[in-house]
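Colleague: with the input below, show me the fold.
(one chain, ligands or ions: 2)
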Amino acid sequence: MSIKRKTPKPDRPLYRSLRVLSLGLVLSLGFTEPGARAEPIKPVPIMVEVNEAKVALGRRLFHDPRLSKNNTVSCATCHDLSAGGDDGQVVSIGIEGRPGLVNAPTVFNSGYNFKQFWDGRAHTLEEQVDGPLQSRIEMESIWPDVVTKLFQDEDYPRLFQEAYPNDAQIISRENIKEAIAEFQRSLITPNSRFDQWLRGNVGALNEQEKEGYALFKRYGCVSCHQGANVGGNMFQVFGVINDYFRKRGNITDADLGRFNVTGNEADKHAFKVPSLRMAAHTAPYLHDGSAETLRDAVDAMFEFQLGREAPDEDKEAIVAFIKTLAGEYQFDPGQGPISAEFQESLNGNLGQRAAPTGIQDISTTGTSQERPPADRAETVSQNGSTRPLRTGRSVRTRSKVGRATGPVRSGR
Ligand code: HEC
Ligand code: HEC
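Modeller: Ligands and ions are numbered 1, 2, ... in the order given. This next block holds a predicted model:
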């Protein structure tokens with residue numbers, strides 16, 4: 001759910017976002033060592049349930065320029081998986097060199113966003129695919145052309161057959177979208193140093209990074225950037241305290257953000273709070289790409305979201321903390337870096353890793369280490385049902401093959 005601002009209260013904007021926090025979170029502010037209380041940030045699950053045939057197909061489609069009108073642009077053109085899952089540009093450059101309107105977010109962990117796009121106009125990863133594929137400035141395709149091109153390919157008919165054995169029409173718009181979405185759901189980045197620390201490895205962070213996390217909570221960054229994705233679960237106005245857009249000037253339609261979807265005044269300049277998971281690798285930042293470095297983005301947050309000064313030292317510590325959030329990329333054998341160490345821990349913890357089954361709660365995967373309570377609340381579902389911070393609420397972990405592993409209580 002979005003945090004909807006029914007009646008604008010310009011005098012106390014931060015209060016609105018704080019109000020939605022559970023009491024548990026508020027109480028946990030200030031506890032810096034894991035194990036003390038449920039933390040407002042959850043680890044990225046070690047595994048996610050995906051259909052491997054669809055992932056294999058989706059990976060190929062994601063990298064295939066034939067999805068664009070003139071066979072030059074693939075999803076990977078703007079979402080480079082070897083470089084953070086984005087394109088490193090201020091705004092993306094699409095088909096025939098056409099400039100985009102906003103900065104490309106990463107696709108890593110996008111399955112954990114409650115909505116897709118800066119303004120949240122797509123509800124699911126499936127729905128999202130229609131956007132770039134048909135956009136005049138991105139891929140400029142039409143679906144019948146794409147389906148025809150894929151039918152003519154040597155391998156696709158077989159790959160679709162494997163992924164969709166029961167469908168009468170194997171290569172269809174719906175199946176293409178679903179396979180790409182399934183591939184993206186596999187793009188999780190578990191085992192970051194921060195997650196190791198959350199799971200009880202106190203040596204995983206150095207003093208500056210721990211301090212950075214404490215400050216991230218103390219200054220209130222965590223009221224907006226929270227949950228497994230450290231973002232991606234609410235909309236917030238950019239410029240809640242100081243007016244960013246007046247200062248920057250040249251307001252574009254894209255700057256109106258969520259307002260373009262809802263038409264509500266209160267949603268003007270509201271954006272999906274971006275995930276900070278991969279922020280170490282996705283410069284430049286902000287929807288308009290205006291922040292060149294992570295430090296610039298953090299400065300902007302202090303100025304426009306918090307309206308307060310902070311010593312350099314604090315900001316540097318926060319930047320150091322954010323850099324510990326990026327994890328490892330699992331499900332792309334041969335393409336993504338998986339450390340031998342991580343592979344070993346998977347083997348050790350999960351036994352045979354043939355077909356991933358279910359979003360695993362690490363606390364059921366059998367190491368003897370003491371775990372912080374945060375782990376027991378690790379019920380992070382993909383695509384829209386994440387409610388990491390409500391107390392005492394039942395949520396079901398979503399499962400593509402119709403198996404639910406809930407109900408589990410979240411956010412104690
Ligand atoms: C020309 C560059 C470009 C291409 C090609 C492109 N994207 Fe994107 N992608 C973007 C930009 C820019 C955004 C942000 C747009 C917005 O929010 O309005 C985006 C947003 C997304 C998001 C939402 C992420 C989030 O956090 O909200 C996903 C998922 C995504 N793209 C996947 C894809 C897939 C799948 C394809 C191929 C079918 C694709 N993209 C093709 C540039 C591109
Ligand atoms: C009131 C909600 C709110 C608070 C508080 C907040 N942020 Fe943000 N943050 C946002 C929104 C919304 C954006 C996207 C703004 C945009 O791009 O227009 C954002 C963007 C960012 C980005 C850029 C991410 C990217 O990929 O472009 C970083 C980094 C960031 N915030 C860090 C922080 C830090 C550090 C703090 C505390 C000092 C903080 N935020 C406080 C809502 C918030």
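Colleague: and the closest residue to ligand 1 within the stretch 201-350 of the chain, how many neighbours does it have?
Modeller: Proximity of the stretch 201-350 of the chain to ligand 1 (Cβ to the nearest ligand atom) peaks at Lys272, 6.1 Å away. Bear in mind the C-beta positions are built from the backbone N, C-alpha and C, glycine included. Lys272 is flanked by 25 other residues according to other Cβ atoms under 10 Å.
Colleague: from what I see, it and Phe235 are in contact.
Modeller: Yes - counting by Cβ atoms under 8 Å, Phe235 is a contact partner of Lys272 at 5.7 Å.
Colleague: coming back round to it: quick one: the residue of the stretch 201-350 of the chain closest to ligand 1 and His63, what's the gap?
Modeller: Lys272 sits 26 Å away from His63, going by Cβ to Cβ, to the nearest Å.
Colleague: how about the contacts made by Leu187?
Modeller: For Leu187, the contact set (Cβ atoms under 8 Å, 6 or more residues apart in numbering) comprises Leu81, Gly85, Val107, Phe108, Asn109, Ser110, Gly111, Tyr329, Phe331, Asp332.
Colleague: just the ones of these in helices?
Modeller: Among these, no member falls in helices (criterion: DSSP state H).
Colleague: lowest-confidence one in those?
Modeller: Least confident by pLDDT among the contacts of Leu187: that is Phe331, with 44.
Colleague: all helices of the stretch 201-350 of the chain, in order?
Modeller: Here the stretch 201-350 of the chain has its helices, by DSSP state H, counting those that start in this stretch, at 207-218, 244-248, 259-262, 294-300, 312-322, 340-350.
Colleague: assumed Ala179 was part of a helix.
Modeller: Yes - according to DSSP: H, G, I helix; E, B strand; the rest coil, the state of Ala179 is that of a helix.
Colleague: about what we covered before: for the helices of the stretch 201-350 of the chain, which one sits closest to ligand 2?
Modeller: helix 294-300 (3.8 Å).
Colleague: what's the average pLDDT for the closest one?
Modeller: pLDDT averaged over helix 294-300 gives 98.
Colleague: in that helix, which residues are buried?
Modeller: For helix 294-300, burial by neighbour count (16 or more other Cβ atoms under 10 Å) applies to Leu294, Arg295, Ala297, Val298, Ala300.
Colleague: relative to the whole chain's centre, how far out is that helix?
Modeller: Centroid displacement of helix 294-300 relative to its chain, using Cα atoms, centre = their mean, to the nearest Å, is 19 Å.
Colleague: report whether it contacts ligand 2.
Modeller: Yes - residues of helix 294-300 contacting ligand 2 under Cβ under 6 Å from any ligand atom: Leu294, Ala297, Val298.
Colleague: who in the stretch 151-300 of the chain is up against ligand 2?
Modeller: 216, 219-221, 223-225, 236, 238, 240, 271, 273-274, 276, 279, 282, 285-287, 294, 297-298.
Colleague: 5 Å instead, please
Modeller: Contact residues, the stretch 151-300 of the chain versus ligand 2 (Cβ under 5 Å from any ligand atom): 219, 221, 224, 236, 238, 240, 271, 273-274, 285-287, 297-298.
Colleague: now do the stretch 301-412 of the chain
Modeller: Within reach of ligand 2 by Cβ under 5 Å from any ligand atom, the stretch 301-412 of the chain has these residues: Met301, Gln305, Ile318.
Colleague: tell me the residues of the protein that contact ligand 1?
Modeller: So the chain meets ligand 1 at 73, 75, 78, 92, 94, 100, 102, 104-105, 107, 110, 116-118, 128-129, 132, 138, 180 (Cβ under 5 Å from any ligand atom).
Colleague: from those residues, which land in helices?
Modeller: Filtering those for membership in helices, criterion DSSP H, returns Cys75, Cys78, Gln128, Val129, Pro132, Ile180.
Colleague: run the chain-centre distance for stretch 48-55.
Modeller: With Cα atoms, centre = their mean as the basis, stretch 48-55 stands 18 Å off its chain's centre.
Colleague: buried ones in it?
Modeller: Judged by neighbour count using 16+ other Cβ under 10 Å, the buried positions of stretch 48-55 are Val48, Glu49, Val50, Asn51, Ala53, Lys54, Val55.
Colleague: distance-wise, check the residue nearest to Pro65 when sequence neighbours are not counted relative to Gly94.
Modeller: Leaving aside its sequence neighbours, Pro65 sits nearest to Ser74 (Cβ to Cβ, 6 or more residues apart in numbering; 4.5 Å). Distance, Ser74 to Gly94, by Cβ to Cβ: 11 Å.
Colleague: how about the strands in the chain?
Modeller: Per DSSP state E, the chain carries strands over the ranges 235-237, 270-272, 393-395, 408-410.
Colleague: I'd like the average pLDDT over the last one.
Modeller: With pLDDT averaged residue by residue, strand 408-410 scores 27.
Colleague: kindly report the same for the first one.
Modeller: Along strand 235-237, the predicted local confidence has a mean pLDDT of 98.
Colleague: same for that strand, what does it pack against?
Modeller: Judged by 3 or more Cβ pairs under 8 Å, 6 or more residues apart in numbering; DSSP states H and E, the packing partners of strand 235-237 are strand 270-272.
Colleague: give me the number of residues near Glu313?
Modeller: Look at Glu313: counted by other Cβ under 10 Å, it has 11 neighbours.
Colleague: which stretches of the stretch 251-400 of the chain have low pLDDT?
Modeller: Counting by pLDDT under 70, the stretch 251-400 of the chain contains low-confidence ranges at 330-400.
Colleague: all good on my end, thank you.
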